[in-house]
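Engineer: give me coordinates for this.
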Amino acid sequence: MAKGGKGVAAQCVTLLSTIFNFAIARQLVDHNPAQGVKKPPVRKMSRFLSEKEFARLSWALEAEQASTGNPYPVAAIKLLLLTGCRKGEVLSLKWADVDFENRCLRLPDSKTGAKIVYLNAPALVVLNGLTHEQTNPLVIGGTCKGYGVLGIDGRVLSSEVFAPASFSFASKAALA
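Structural biologist: Numbering: from 1, shown residues only. So this is what the prediction gives:
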């Protein structure tokens, strides 16, 4: 049984509704009992890392890179923090989209359409520190030619599985 407040209740209603809509599409059930259920209002929260948390995260990222020798996951997380880009935008970023001369990323296809993301000095340092392999158009290229970031098992990470990986780095930082 899920425990929590209004936020958990709203998530449960949304999940149940999604499950029933899937079942309706497969003709497994006739109706969605969660449809029309009013969800409690949920307070949206914005939270930013404190300087201390940011320092811990930075330490954990550097330790991860030192232990694995793979700069790409760390670079991806740093770019997320420094640019405000979505994880899919960072993981699919191509070298052709990086405009060093004008200090920006020219994203042809983001969630909101084509956009330009201006780069600050630390983001440029991250990008300049990465190897541009001619056989791989991706900035976050991973350790296998032609592929993206590789997980522990050697498989390419998609943006769906990248978020939990970043949480593990953050967890290590919080425990330090």
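
Engineer: check contacts around the residue lying farthest from the centre of the chain.
Structural biologist: Within the chain, the residue lying farthest from the chain centre (CA atoms, centre = their mean) is Asp30, at 36.7 Å. Asp30 makes contact with Ile24 under the criterion CB atoms under 8 Å, 6 or more residues apart in numbering. Every C-beta, even on glycine, is put in place using the N, C-alpha and C of the backbone.

Engineer: any idea how far it lies from Ile24?
Structural biologist: Distance, Asp30 to Ile24, by CB to CB, to the nearest Å: 7 Å.

Engineer: with Gly5 instead?
Structural biologist: The gap separating Gly5 from Ile24 is 29 Å, by CB to CB.

Engineer: Thr135 too?
Structural biologist: 46 Å.

Engineer: which one of the two has more residues nearby?
Structural biologist: Set Thr135 next to Ile24 and count neighbours by other CB atoms under 10 Å: Ile24 wins out with 14 against 7.

Engineer: part of a strand, is the more buried one?
Structural biologist: No - Ile24: not assigned to a strand; according to DSSP: H, G, I helix; E, B strand; the rest coil it is helix.

Engineer: excluding chain neighbours, what is closest to it?
Structural biologist: Once flanking residues are discounted, Ile24 sits nearest to Asn32: 6.2 Å by CB to CB, 6 or more residues apart in numbering.
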